[in-house]
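*Asks:* how would this look folded up:
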Amino acid sequence: MTILSRVLGLRPIHPHPVVIQRALEIPMADGVVLLADRYYPRDRPYAPLVLIRSPYGRGSANDLAAGLIVERGYQVLLQSLRGTGGSGGNFDGFTMHQPDGPSTVDWLRRQSWFPGMFATWGASYLGYAQWELAATPVPEWKAAIIQDAPSEFYHGFMYPGGAFALGNALAWVQQTETMFDSGGSLWRQLAGQLTGGRVLARAVDALPVREADHAIAGRRVRHFQQWITHENFDKYWAGMDHRANVANMPPLVHLAGGWHDFFLPGMLADHAALRATGRRVRLLIGPWGHGKGSLTRHYLREALSTLDTAFTGADHLPPAPVGLHLGGANRWVTHADWPPPHQPTAWYLHPHGGLRTEPAPESDPSTYHYDPADPTPSLGGTIVGLRPGPKDNRPLEARADVLTFTSPPLTEDLTVTGPVTATLHVRSSNACTDFSVRLCDVHPRGRSTNLCDGLLRLRPGDPAADEQGVRTVHIRLWSAGHVFRRGHRIRVQVASGAHPRHIRNPGTGEPLAETTTLRPAEQEVLHDPGHPSAVVLPVVGGLGAQR
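*Replies:* Here you go, the predicted model:
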């Protein structure tokens, strides 16, 4: 029984010695050789197989995850993707070499120990590799276990709301560069991460932005340069878009994510697409940021049960297809689908910082000055590498460039589960500017905790202004699952930035990679009968079935 099994309280089914074959050579169609490690229980060399394709090396932490799977009586093949972990070829960010997946499956079919069926497993890039594998049908593929990974990258990861996700992009570049420089050593990777926060904090402020990768890696990183020069969705990004592969996914898919994961919107879109094909899909959303749920007891029990369901023919999964952690109540609940039935309820912005369910009276706009030389910072939320997740937002709300609108104390609990949106009526001195909205829960003692947020980049004529220069802005926030307790208050923040989660808007409209000029903006948010700015919350009638 592994140490990880003991810590997580996971009782192994087949606690037998594990055999590891290192650095198996898998030839690709173009002659490049990829390396893989095979783990299997000594007494079951032909057991059902779990395929993991990763750019993050083999051994070390991967031995722990593989050990958990092998204890269930299954095999694991952990493959290093092209250009990583000793595999041949070149690594090019999220642009994968598509023939490598079919070549790997063809190689498996020729192995004497291949049992004729397999599942796939992994979080983040390891999940994205599963979507890429579905470019062609694979009859032997029985289940996909995907965490924190969407089928495409442009809209959800790189340019959410149209603004480049600088902090997350650079954090990933830093992670991969540290991994490559460490030669796969876990301890050298950890040492790099200890000093990486200071380096990242400096890099996100680099101008022009094309110099930021040099600040991280000491050199130009080809895929980073591609990301910042392809600002619009084009052929470059289409090559990383695997949404059409939904028709080739296996019959059983387990999707897991976190309320504070930047991939959550894409994952929820994938969930709907998979459901539309008739596949069985299990959706789990926990109180996590990106990758933080991977080694939790709750997630691993479900993921391992998915393997058991796929390989044994018996159903080991919960009867309800959706499991959610409700913040505020700190409990897990189940629903029949996502989103659960709810009542979209508008909370209107009022003058003097009010927030109510009735429209605002006649009033002057709320105003603030946004200066990209001192950009409104991101605090917690869906950023990695710079303290993600729920945080006390009072330092952010004390800034002059952040507006807050707060409800009276609630007289009863209010459960919010589903998509959150906002409509703002705004005016700006710049045609190129951003508006962001964040939803918070305010404790009776004053702590303001972020739940979800979203941002939209405005460009000349998009959206169009009326004769008074007013533009109507529709912003999709991350989805939420939360109970506002009686006595708490609902708060909405409005600002024009969340740097470096979203790169600051310089206000000039110049190309992202090159601009060094920063132009401040005078911002107005209108809230009157003709301009009903509001956030719309998905209010449900109850908590849902408790698990």
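
*Asks:* Determine the next helix or strand in the C-terminal direction from the helix or strand harbouring residue 216.
*Replies:* Secondary structure from DSSP states H and E places residue 216 in helix 212-217. Per DSSP H and E, the first helix or strand lying C-terminal to helix 212-217 is helix 222-229.

*Asks:* Which other helices and strands does that next one contact?
*Replies:* If you count contacts as 3 or more Cβ pairs under 8 Å, 6 or more residues apart in numbering; DSSP states H and E, helix 222-229 packs onto helix 166-182, helix 212-217. For the C-beta atoms, the positions are set from N, CA and C on the backbone; glycine is no exception.

*Asks:* so how far is the helix holding residue 216 from its chain's centroid?
*Replies:* 23 Å (Cα atoms, centre = their mean, to the nearest Å).

*Asks:* Alpha carbons of it, as PDB, please.
*Replies:* Extracted as PDB, the C-alpha positions of helix 212-217 are listed here (Å, rounded to 0.1, in the frame of the first residue of the first chain):
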ATOM      1  CA  ALA A 212       8.400  39.200 -20.800                       C
ATOM      2  CA  ASP A 213       9.500  35.700 -21.800                       C
ATOM      3  CA  HIS A 214      13.200  36.800 -21.800                       C
ATOM      4  CA  ALA A 215      12.600  38.000 -18.200                       C
ATOM      5  CA  ILE A 216      11.400  34.500 -17.300                       C
ATOM      6  CA  ALA A 217      13.600  32.200 -19.300                       C
END
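
*Asks:* Show residues contacting that helix.
*Replies:* 166, 170, 173-174, 177, 199-200, 202-204, 206, 219-221, 224-225 (Cβ atoms under 8 Å, 6 or more residues apart in numbering).

*Asks:* Any of these buried? List them.
*Replies:* 166, 170, 173-174, 177, 199-200, 203-204, 206, 221, 224 (16 or more other Cβ atoms under 10 Å).

*Asks:* Show me where this structure has its helices.
*Replies:* Here the chain has its helices, by DSSP state H, at 3-8, 61-70, 100-109, 125-133, 166-182, 186-203, 212-217, 222-229, 235-238, 264-276, 297-312, 394-397.

*Asks:* which one of these has the lowest average pLDDT?
*Replies:* When these are ranked by mean pLDDT, helix 3-8 comes last with a mean of 60.

*Asks:* Could I get the buried residue list for stretch 137-148?
*Replies:* Neighbour-count burial for stretch 137-148 [16+ other Cβ under 10 Å]: 138, 140-148.

*Asks:* want to throw those residues into a markdown table with pLDDT and distance to residue 46?
*Replies:* Formatted as a markdown table, those follow (pLDDT from 0 to 100; distance: Cβ to Cβ, whole Å):
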| residue | pLDDT | distance to residue 46 |
| --- | --- | --- |
| 138 | 98 | 19 |
| 140 | 98 | 14 |
| 141 | 98 | 18 |
| 142 | 98 | 16 |
| 143 | 98 | 18 |
| 144 | 98 | 22 |
| 145 | 98 | 21 |
| 146 | 98 | 26 |
| 147 | 96 | 28 |
| 148 | 96 | 32 |
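
*Asks:* Any buried residues in the helix holding residue 216, and which?
*Replies:* Applying a neighbour-count criterion of 16+ other Cβ under 10 Å, the buried positions in helix 212-217 are 212-213, 215-217.

*Asks:* what does stretch 306-317 give?
*Replies:* Buried residues in stretch 306-317 (16+ other Cβ under 10 Å): 306-311, 317.

*Asks:* among those residues, which two are most distant?
*Replies:* The span of those, defined through Cβ to Cβ, is set by 311 and 317 at 12.9 Å.

*Asks:* Pick the one among the contacts of helix 212-217 closest to residue 26.
*Replies:* Nearest member of the contacts of helix 212-217 to residue 26, counting by Cβ to Cβ, is residue 177, at 25.4 Å.

*Asks:* Now do the closest residue to the closest one other than its chain neighbours against residue 96, distance only.
*Replies:* Once flanking residues are discounted, residue 177 sits nearest to residue 217: 4.4 Å by Cβ to Cβ, 6 or more residues apart in numbering. For residue 217, the distance to residue 96 equals 21 Å [Cβ to Cβ, to the nearest Å].

*Asks:* do the same with residue 29
*Replies:* Residue 29 is 14 Å from residue 96, by Cβ to Cβ.

*Asks:* Among those two, which residue is more densely surrounded?
*Replies:* Using other Cβ atoms under 10 Å, the more surrounded residue of residue 29 and residue 96 is residue 96, with 24 against 11.

*Asks:* So the more buried one sits against residue 89, correct?
*Replies:* No: with contact defined as Cβ atoms under 8 Å, residue 96 does not reach residue 89; the gap is 10.6 Å.

*Asks:* which residues are common contacts for those two?
*Replies:* Contacts common to residue 96 and residue 89, judged by Cβ under 8 Å, 6+ apart, are residue 82.

*Asks:* which residue sits closest to residue 371 in space, ignoring its chain neighbours?
*Replies:* Leaving aside its chain neighbours, residue 371 sits nearest to residue 520 (4.5 Å; criterion: Cβ to Cβ, 6+ apart).

*Asks:* pretty sure the one you found is in contact with residue 369, am I right?
*Replies:* Yes: counting by Cβ under 8 Å, residue 520 touches residue 369, with 6.4 Å between them.

*Asks:* Could you check which of these two is surrounded by more residues?
*Replies:* residue 520 (17 against 13).

*Asks:* Residue 222 - how many residues pack around it?
*Replies:* Around residue 222 there are 14 residues (other Cβ under 10 Å).

*Asks:* Now do the same contact list for it.
*Replies:* Counted by Cβ under 8 Å, 6+ apart, residue 222 has contacts 92-93.

*Asks:* how does it look with 7 Å?
*Replies:* Residues near residue 222 by Cβ atoms under 7 Å, 6 or more residues apart in numbering: residue 92.

*Asks:* same deal with residue 336?
*Replies:* Counting by Cβ under 7 Å, 6+ apart, residue 336 has contacts 320-322.

*Asks:* Produce a ChimeraX select command limited to the buried residues of these.
*Replies:* To isolate the buried members of the contacts of residue 336 in ChimeraX, using 16+ other Cβ under 10 Å:
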select :320,321,322
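
*Asks:* Tell me the one of the contacts of residue 336 nearest residue 106?
*Replies:* Lowest distance from residue 106 to the contacts of residue 336 (Cβ to Cβ) belongs to residue 321, with 33.4 Å.

*Asks:* distance of the closest residue to that closest one other than its chain neighbours from residue 270?
*Replies:* Spatial nearest neighbour of residue 321, excluding adjacent residues (Cβ to Cβ, 6+ apart): residue 282 at 5.8 Å. Distance of residue 282 to residue 270, computed by Cβ to Cβ: 13 Å.

*Asks:* quick one: which of these two has more around it?
*Replies:* residue 270 (28 against 23).

*Asks:* So for the nearest residue to residue 89 once chain neighbours are set aside, what's the pLDDT?
*Replies:* Nearest-residue entry for residue 89: residue 82, 3.7 Å, with adjacent residues in sequence omitted and distances by Cβ to Cβ, 6+ apart. The model reports residue 82 with a pLDDT of 96.

*Asks:* Let me know whether residue 82 touches residue 98 as I believe.
*Replies:* No: look at residue 82 against residue 98 with Cβ atoms under 7 Å: they stay out of range, at 10.7 Å.

*Asks:* the more surrounded of these two?
*Replies:* Using other Cβ under 10 Å as the criterion, residue 82 and residue 98 rank with residue 82 on top: 22 against 14.

*Asks:* For that one, give me its contacts.
*Replies:* By Cβ under 7 Å, 6+ apart, the contact set of residue 82 is 32, 34, 89-91, 97, 100.

*Asks:* how near is it to residue 105?
*Replies:* To residue 105, residue 82 is 15 Å away according to Cβ to Cβ.

*Asks:* among the helices and strands of this protein, which has the poorest mean pLDDT?
*Replies:* Using mean pLDDT, DSSP states H and E, strand 545-546 stands out as the lowest-scoring helix or strand of the chain, at a mean of 53.
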